[in-house]
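*Asks:* sequence first, then the predicted structure, then my questions.
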Amino acid sequence: MPQGHIARKRFGQNFLSDPNIIRKIIEAIAPKPGEHIVEIGPGLGALTVPLLAACGHLQVVEIDRDLIARLKETYRPEQLTINEGDALKFDFASLPAPLRVVGNLPYNISTPLLFHLAAYADRVRDMTFMLQKEVVQRMVAEPDSEEYGRLSVMLQYRFNMARLFDVPPGAFKPAPKVTSAIVYMQPKPASECACRDEALLGKLVTAAFGQRRKTLRNTLREWLSDADFVTLGINPQARGETLSLQDYVQIADYLALRS
Ligand code: SAM
């Protein structure tokens, strides 16, 4: 194990060890002096070291006390601001904006973490993450595909996203069982995510994908009658995965205006 640390499974610890992959990730981030960058899960510093070299100061959020102790021994406070604790509970609004968020994320919490971070989109310039490849495929999926679901719709509402490149298990120690991928996320301008009731949008999407085999008439019956489907021009026999982001926003806006 690198530098004597025993990787903790419960914290999703797979440490990057391939210098070429690390270089490619740093090139994708292209950190510049003076930028406000926060790294989630710095671990043993595979990305932290080159990020610091490029930008001089870095914020990190780390949950593992042993790793926090190492970071404190290695870096001066003027180089590294260490936010100790769970990134899922961390208030990213407490950091200076516009914020660049980066990280080789712990896979076991990646979906809730993406939803947590989406709430800070208005303070974020961009986000570059390593995630399980299947999760990235779901994030960027188009309607009518197997991967398309709640994660796709809710993140595509807030972000433009691109899958940059895949990373094989051998790039990590210990090697994970799955292939990873790098995703780049940029918040959309406010004018492009102007749903009148975002909480309702979230509820509709959750319901529509909750039972994938059921028709919209069934999954959205709490909100829409057959007459509503006609007004909206949406086929009630269709399934949730056939609707685009725009369709979901249209339904939420229609309901918000009606109430
Ligand atoms: N950045 C390092 C690298 O690329 O080698 C480590 C990546 S490792 C996949 C995930 C890191 O996130 C670990 O350092 C782990 O301790 C940390 N971590 C796990 N769960 C966390 C949480 N809820 N909040 C903050 N950090 C967390």
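*Replies:* Structure received.
*Asks:* what's the burial count for residue 188?
*Replies:* Residue 188: 15 surrounding residues under other Cβ atoms under 10 Å. From N, CA and C alone the C-beta is placed, and that goes for glycine too.
*Asks:* list the contacts for it?
*Replies:* 157-160 (Cβ atoms under 8 Å, 6 or more residues apart in numbering).
*Asks:* just those: which are in strands?
*Replies:* Taking DSSP state E as the definition of strands, the contacts of residue 188 contribute 159-160.
*Asks:* most neighbours among the contacts of residue 188, which one?
*Replies:* Top of the contacts of residue 188 by neighbour count (other Cβ under 10 Å): residue 159, with 24 neighbours.
*Asks:* pull the number of nearby residues for the closest residue in space to that residue that isn't next to it in sequence.
*Replies:* Once flanking residues are discounted, residue 159 sits nearest to residue 185: 4.4 Å by Cβ to Cβ, 6 or more residues apart in numbering. Residues lying near residue 185 (other Cβ under 10 Å) number 22.
*Asks:* surely residue 185 meets residue 161?
*Replies:* Yes. Here residue 185 reaches residue 161: they are 4.9 Å apart, a contact under Cβ atoms under 8 Å.
*Asks:* I'd like the distance between the residue located most distally from the centre of the chain and the ligand.
*Replies:* Distance from the centre of the chain peaks at residue 227, with 37.0 Å (Cα atoms, centre = their mean). From residue 227 across to the ligand, the span is 46 Å (Cβ to the nearest ligand atom, to the nearest Å).
*Asks:* tell me the pLDDT of that residue.
*Replies:* pLDDT, residue 227: 97.
*Asks:* can you check residue 23 too?
*Replies:* The per-residue pLDDT reported for residue 23 equals 98.
*Asks:* wait, is it part of a helix?
*Replies:* Yes. Under DSSP: H, G, I helix; E, B strand; the rest coil, residue 23 falls within a helix.
*Asks:* show me the domain layout of the chain.
*Replies:* Listed domain ranges for the chain are 9-192, 198-258 (source: automatic domain parsing).
*Asks:* hmm, back to that, just the mean pLDDT for the strand or helix carrying the residue nearest to residue 159, thanks.
*Replies:* Under the criterion of DSSP states H and E, residue 185 resides in strand 180-187. The pLDDT scores in strand 180-187 average 98.
*Asks:* how about residue 237: what's its closest non-neighbour residue?
*Replies:* Nearest residue to residue 237 in three dimensions, chain neighbours excluded: residue 215, at 5.2 Å (Cβ to Cβ, 6+ apart).
*Asks:* how about residue 81?
*Replies:* Residue 81 sits nearest to residue 59 (Cβ to Cβ, 6+ apart), 4.8 Å away.
*Asks:* which residues does whatever residue of the stretch 151-259 of the chain ends up closest to the ligand bridge with?
*Replies:* Across the stretch 151-259 of the chain, the shortest distance to the ligand (Cβ to the nearest ligand atom) belongs to residue 172, at 7.2 Å. When assigned by DSSP bridges, residue 172 has beta-bridge partners residue 16.
*Asks:* please consider this matter closed, and thank you.
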